[in-house]
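J.: sequence plus the predicted model coming up.
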Amino acid sequence: MLAVALAAVQLGPALEVSRVRRPGGVPFADAAHFSFPPLRLFELVWPGAFGPLYGPDRLLHPLYDEGSGAAYEPWSAGIYVGLATPLLALAALVRRRDPARRRDLALAAVAAVALLVALGRYTPLFAAWFRFVPGARLFRYPEKYLLITTLCGCALAASGLARVVERPRRALAAGTAFVALLALAWAWAANAGGAFFAARLGRLEHGTAAELGAVVAHSAGHAVAIGLATLLPLLLLWRRRLSPRAASLALAALVVA
């Protein structure tokens, strides 16, 4: 009954839509509008990777062109959920013997399916989803399914936090390697990132590819700084300057901040 009550928040408007506004559904082209470009996954580790959305300072406009010549802005303003969140989610999945493993694998499966559906026209799965899943043809904007991926990813990250705190030395080594990769990405973005993203995510509305590269490099620099700050509680835990509980709270606070 609780599940029905929670689902009613979505099912109520869905039934209203099907009864009044679009009883026959929408065409596939309309339903696939605002599909999520796979390259925007960079935003998971680079907050604000391509500059501010919906503003005159944005160099890329549109973020992706659907071939009609119209200027589209993305429906989803961003997918950043904290630099440590994807890594903590992965930590939850590497556990081999744990009572919560089945739950974590189920959450990961739901998150992956929702992400694939959010890719819309960029994956064959969306056509099957649109055709066979009841009610799917009533709605547009596949990017909305990212909400499910976000919720499942954050739940996995909360589960992985305990594992990270249990093995601070291993977590510190993995985190250091990840921050080193971010630093290399920062250098790459400053030199070649602008041309790379301009050719794959849309056309330059104004400015140059070098200026876009500077925007991407700036966001990558933020990610490196966040990564170094995230390593600090793990270092203090490994050196026994923080208790496991205090380290958990510090990591969670950094993600929220």
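T.: Perfect, I can see it now. Residues are numbered from 1 along each chain as shown.

J.: could you use CA atoms for every contact and neighbour count after this?
T.: OK.

J.: for residue 189, see how far away residue 215 is.
T.: Here the criterion is Cα to Cα, to the nearest Å. By it, residue 215 lies 9 Å from residue 189.

J.: which helices and strands sit right next to the longest helix along the chain?
T.: Longest helix in the chain, counting residues (DSSP state H): helix 209-238. Here helix 209-238 touches helix 168-188, helix 194-201, helix 244-256, going by 3 or more Cα pairs under 8 Å, 6 or more residues apart in numbering; DSSP states H and E.

J.: any idea how many residues pack against the nearest residue to residue 50 once chain neighbours are set aside?
T.: Counting by Cα to Cα, 6 or more residues apart in numbering, residue 50 lies nearest to residue 216, which is 5.7 Å off, once chain neighbours are set aside. Using other Cα atoms under 10 Å, residue 216 has 26 neighbouring residues.

J.: list the contacts of residue 216.
T.: Taking Cα atoms under 8 Å, 6 or more residues apart in numbering, we find residue 216 in contact with 49, 50, 51, 189, 190, 193, 194.

J.: how about residue 227?
T.: Contact analysis of residue 227 by Cα under 8 Å, 6+ apart lists 83, 84, 175, 179.

J.: my read: the third one touches residue 233, true?
T.: Right, the one you point to is residue 175. No. Residue 175 lies out of contact with residue 233 (Cα atoms under 8 Å); the separation is 11.5 Å.

J.: who has more neighbours out of those two?
T.: Taking neighbours as other Cα under 10 Å, residue 175 and residue 233 compare with residue 233 leading, 25 against 19.

J.: picking that back up, so for residue 127, which of the helices and strands packed on helix 209-238 sits nearest?
T.: Residue 127 lies closest to helix 194-201 among the helices and strands packed on helix 209-238, at 22.2 Å (Cα to Cα).

J.: what's the span of stretch 93-106, first residue to last?
T.: 10 Å.

J.: ok so, going back, any idea which of the helices and strands packed on helix 209-238 has the lowest pLDDT on average?
T.: Across the helices and strands packed on helix 209-238, helix 194-201 has the smallest mean pLDDT, namely a mean of 78.

J.: distance from the chain centre to that one, please.
T.: Distance of helix 194-201 from the chain centroid (Cα atoms, centre = their mean, to the nearest Å) equals 19 Å.

J.: name the helices or strands packed onto it?
T.: Other elements packing on helix 194-201 under the criterion 3+ Cα pairs under 8 Å, 6+ apart are helix 209-238.

J.: the helix it packs on vs helix 168-188, what angle?
T.: Counting by axes from the mean of the first three to the mean of the last three Cα atoms, to 10 degrees, helix 209-238 lies at 170 degrees to helix 168-188.

J.: list the buried residues for helix 209-238?
T.: Going by neighbour count (16 or more other Cα atoms under 10 Å), the buried part of helix 209-238 is 209-224, 226-227, 230-231, 233-235, 237-238.

J.: give me the angle between that helix and helix 244-256.
T.: Using the same axes, to 10 degrees: helix 209-238 against helix 244-256 is 170 degrees.

J.: tell me the gap between helix 209-238 and the middle of its chain.
T.: With Cα atoms, centre = their mean, you get 17 Å for helix 209-238.

J.: cool, and stretch 124-132?
T.: Counting by Cα atoms, centre = their mean, stretch 124-132 is centred 22 Å from the centre of its parent chain.

J.: hang on, the earlier thing: can I get the helices and strands packed on helix 209-238 in CSV with distance to residue 137?
T.: Shown next, in CSV, are the helices and strands packed on helix 209-238 (distance: least, Cα to Cα, whole Å):
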stretch, distance to residue 137
helix 168-188, 39
helix 194-201, 27
helix 244-256, 35
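
J.: where does the spatially most central residue of the chain land in three-state SS?
T.: Among the residues of the chain, the one closest to the centroid is residue 79, at 4.0 Å (Cα atoms, centre = their mean). Using DSSP: H, G, I helix; E, B strand; the rest coil, the structure places residue 79 in coil.
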